[in-house]
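**Q** Fold the following, please.
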Amino acid sequence: MNGSLQIVLHAHLPFVRHPENPYHLEENWLFEAILETYLPLVEVLQGLDRDGVPGRITLSLSQPLIGMLDDALLRDRFEGHLARLIQLATQEVTRTDGEADFGPVARFYLTRLIRLRDLYLNGLQRDLVGCFIRLHLSRRIELITCVGTHGFLPLMLREGSRRGQIRTAARSFEARCGFASAGMWMGECAYTAGVDGLLAEAGVRFSFVDSHAIECASDRPLSGLVAPLLSPGGVAFFGRDPESSSQVWSSHEGYPGDLRYREYYRDVGFDRPLEEVAPFIHPDGIRVNTGLKYYRITSRTEADKEAYDPQAAMVAVAEHACHFVAARATQIAWAAQRSAVRPVVTTPYDAELFGHWWFEGPLFLDAVLREIARNGSFSAVTPSDYLADNPVQQVAEPADSSWGEAGYFSVWLNEGNAWIYPALHAAEERVAAAVATYAESAAWQPALAQLCRELMLAQASDWAFIIKMQTTVGYAVARTKEHLAALEALADRMEAGDLAGAVALAGERAARTPLLAQLVPADWR
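**A** You can find the predicted model right below:
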């Protein structure tokens, strides 16, 4: 074989859990991801195992996501969400009975929902994380962790904050999965000098950066993007390949824009009369996506949309998978002739692209891995596979970078969200002072741990991103302020020496944020 391809899926959502409300709109982010991405991905991976198809992918799971997937309350709520969707789909099958265009689509959705419900309840016993662990142990995937709460490391003030995010993630992952994570996804692939040493301290062997982090490294990369750079701290950084990435994620120049694929922006939750969908949307009558979408893209304008045809979409999937694999074979063969090392093309994506945004995405992954096995000119590997076979790599420092628009930090630090950072930096200072004072005191540990947890939750890169993108801005602002206010209230009690008050408040807040139990405040020194 000429070389390798590594497909990396990054699965993350911000921690959203609101037991105080019987229905909370933002919890739908998790339910949609489970139903549209994670369960279809499990189906694909289990099907590849069943058919003996070789090839592996890498999957990162963030600690907020693991916490939500494991949470009994959210599992119950997802089960209720799924039951309502099946009821809606049943209603839609009845409504469209006899319609040649939409009737088959309605039946397709009902069949699919029932199948996924059976997988979740009976096949997995509601334990998605456990399923991914088993897929790792069977060597179908390589499962890795992600920096803490998906914090944006370069914009943190103190090294202790970065260390706390990194070590807490590594420790929590190992406690849940039973093995150490060889790699770690950095929030937004954001890198700055010194991060590699903190990753190495936590036992991390590899991570991922955007292409310009490699191309603008401290020394010219001799193999370009088809080999990782080994940082001065000893961590291998794989650079994202721009060609293969844009073919998959771009709705304009990539596969998802094909006119045969399902249209994301037309949904029963918005298209049908309110009285028909009222029992299945927000109790206050706020319309939401249901996942029942009857149309294909049809055209790149707002012209009348035609009915979605799953069979036609499958033809497109097969065509695009063959094109993708042929392009990688050519790319890898060209690189093999010009590189002194065995080339590897790295294609990282947000996992939710596959299924949630691009409905046919999981089927595309399935077709790609099957076509790679048929093609035979290169293999689908994980970073650990590659590094085991190619331990000697060029040493250089990656450049400051992220995978956001323009490649650096402006998505997470701009005129719209800059107000966050003075408050976050002040919070970092208060945490550092509290750790310096109380790190050796067992009695203060619950308050100190919750203080660090509130900082981590406030530092999640999701909030700044949402404010930049102008989506659910009110929620992102409220969450940022909530965690900072809780941190300040805890710090006030601690600085006043009010042990009982601090521990009581920490207990209340910990009940609302049940994650990161392996947090060790001394990491923030």
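**Q** contacts, neighbours, all on C-alpha from now
**A** Noted.
**Q** Am I right that residue 265 sits in a helix?
**A** No. Counting by DSSP: H, G, I helix; E, B strand; the rest coil, residue 265 is not part of a helix but coil.
**Q** check contacts around it.
**A** By Cα atoms under 8 Å, 6 or more residues apart in numbering, the contact list for residue 265 is empty.
**Q** CA atoms of stretch 390-410 as CSV?
**A** The C-alpha trace of stretch 390-410 is given here as CSV (Å, rounded to 0.1, in the frame of the first residue of the first chain):
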residue,chain,number,x,y,z
ASN,A,390,6.3,5.3,11.7
PRO,A,391,7.9,6.4,15.1
VAL,A,392,10.5,8.7,13.7
GLN,A,393,9.1,12.1,12.7
GLN,A,394,10.5,15.7,12.1
VAL,A,395,10.7,17.9,15.2
ALA,A,396,9.2,21.4,14.9
GLU,A,397,6.9,23.7,16.8
PRO,A,398,3.4,24.2,15.2
ALA,A,399,2.3,27.7,14.7
ASP,A,400,-0.4,29.5,16.6
SER,A,401,-3.7,28.5,14.9
SER,A,402,-7.2,27.2,15.1
TRP,A,403,-9.6,25.7,12.5
GLY,A,404,-12.0,28.6,12.7
GLU,A,405,-12.7,31.1,10.0
ALA,A,406,-9.4,32.9,9.0
GLY,A,407,-7.4,30.2,10.8
TYR,A,408,-6.5,32.0,14.0
PHE,A,409,-8.5,33.2,17.1
SER,A,410,-10.9,35.9,15.7
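**Q** can you list the weak-confidence ranges in this structure?
**A** Across the chain, residues meeting the criterion (pLDDT under 70) sit at 302.
**Q** Can you give me the buried ones in the longest helix seen in it?
**A** Assignment by DSSP state H gives helix 310-338 as the longest helix of the chain. Across helix 310-338, burial judged by 16 or more other Cα atoms under 10 Å covers 310, 313-314, 316-318, 320-326, 328-329, 331-333, 335-336.
**Q** swap in stretch 471-486?
**A** Neighbour-count burial for stretch 471-486, counted by 16+ other Cα under 10 Å, picks out 473, 476, 477, 479, 480, 483, 484, 486.
**Q** in what helix or strand does the last one lie?
**A** So that's residue 486. helix 473-495 (DSSP states H and E).
**Q** Mind giving me the packing neighbours of that helix?
**A** Counting contacts by 3 or more Cα pairs under 8 Å, 6 or more residues apart in numbering; DSSP states H and E, helix 473-495 packs against helix 420-438, helix 445-458, helix 461-469, helix 499-512.
**Q** was I right about residue 510 contacting residue 448?
**A** No. Residue 510 lies out of contact with residue 448 (Cα atoms under 8 Å); the separation is 11.4 Å.
**Q** Pick out whichever of the two has more residues nearby.
**A** More crowded of residue 510 and residue 448, by other Cα atoms under 10 Å: residue 448, with 28 against 20.
**Q** Next, give phi and psi for the residue lying closest to the more buried one once chain neighbours are set aside.
**A** Leaving aside its sequence neighbours, residue 448 sits nearest to residue 521 (Cα to Cα, 6 or more residues apart in numbering; 6.3 Å). Dihedral angles of residue 521 (phi, psi; degrees, to the nearest 10) stand at phi -60, psi -30.
**Q** I'd like to know how far residue 521 sits from residue 313.
**A** The gap separating residue 521 from residue 313 is 51 Å, by Cα to Cα, to the nearest Å.
**Q** and what of residue 126?
**A** Taken as Cα to Cα, the span from residue 126 to residue 313 is 30 Å.
**Q** now do residue 423
**A** From residue 423 to residue 313 the distance is 48 Å (Cα to Cα).
**Q** Could you do residue 438 as well?
**A** To residue 313, residue 438 is 60 Å away according to Cα to Cα.
**Q** Any idea how many residues pack against the residue nearest to residue 472 when sequence neighbours are not counted?
**A** Leaving aside its chain neighbours, residue 472 sits nearest to residue 466 (6.4 Å; criterion: Cα to Cα, 6+ apart). Neighbour count of residue 466, defined by other Cα under 10 Å: 19.
**Q** Equivalent analysis for the one 4 residues further on, please.
**A** The burial count assigned to residue 470 is 12, neighbours taken as other Cα under 10 Å.
**Q** again, but for residue 52
**A** By other Cα under 10 Å, 10 other residues sit near residue 52.
**Q** a helix runs through it, doesn't it?
**A** No. Under three-state DSSP, residue 52 falls outside any helix and is assigned coil.
**Q** For the remainder of this discussion, apply numbering that starts at 30.
**A** From this message on, residue numbering opens at 30, which makes the last subject residue 81.
**Q** quick one on the thing from earlier: who does the longest helix of the chain touch, helix- and strand-wise?
**A** Packing partners of helix 339-367 (3+ Cα pairs under 8 Å, 6+ apart): strand 32-40, helix 271-278, strand 373-379, helix 390-404.
**Q** Does residue 40 touch residue 92 like I think?
**A** No. With contact defined as Cα under 8 Å, residue 40 does not count as touching residue 92 (9.9 Å).
**Q** who's more crowded, these two?
**A** Taking other Cα under 10 Å, residue 40 and residue 92 do not tie; residue 92 has more neighbours (28 against 23).
**Q** quick one: that one from residue 476, how far?
**A** Distance from residue 92 to residue 476, counting by Cα to Cα: 21 Å.
**Q** and if you look at residue 423?
**A** Look at residue 423 and residue 476: by Cα to Cα, they are 45 Å apart.
**Q** out of the two, which sits in the busier spot?
**A** residue 476 (29 against 15).
**Q** My guess is the more buried one contacts residue 530. True?
**A** No. Using Cα under 8 Å as the test, residue 476 is too far from residue 530 to be in contact (9.3 Å).
**Q** one step back: looking at the buried residues of stretch 500-515, which is nearest residue 328?
**A** Of all the buried residues of stretch 500-515, residue 502 has the smallest distance to residue 328: 31.0 Å, by Cα to Cα.
**Q** give the contact list for that closest one.
**A** 495, 496.
**Q** ditto for the one 3 residues further on
**A** Neighbouring residues of residue 505 by Cα under 8 Å, 6+ apart: 491, 492, 493, 495, 496.
**Q** Now render these as TSV, adding distance to residue 164.
**A** Formatted as TSV, the contacts of residue 505 follow (distance: Cα to Cα, whole Å):
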residue	distance to residue 164
491	28
492	32
493	33
495	32
496	36
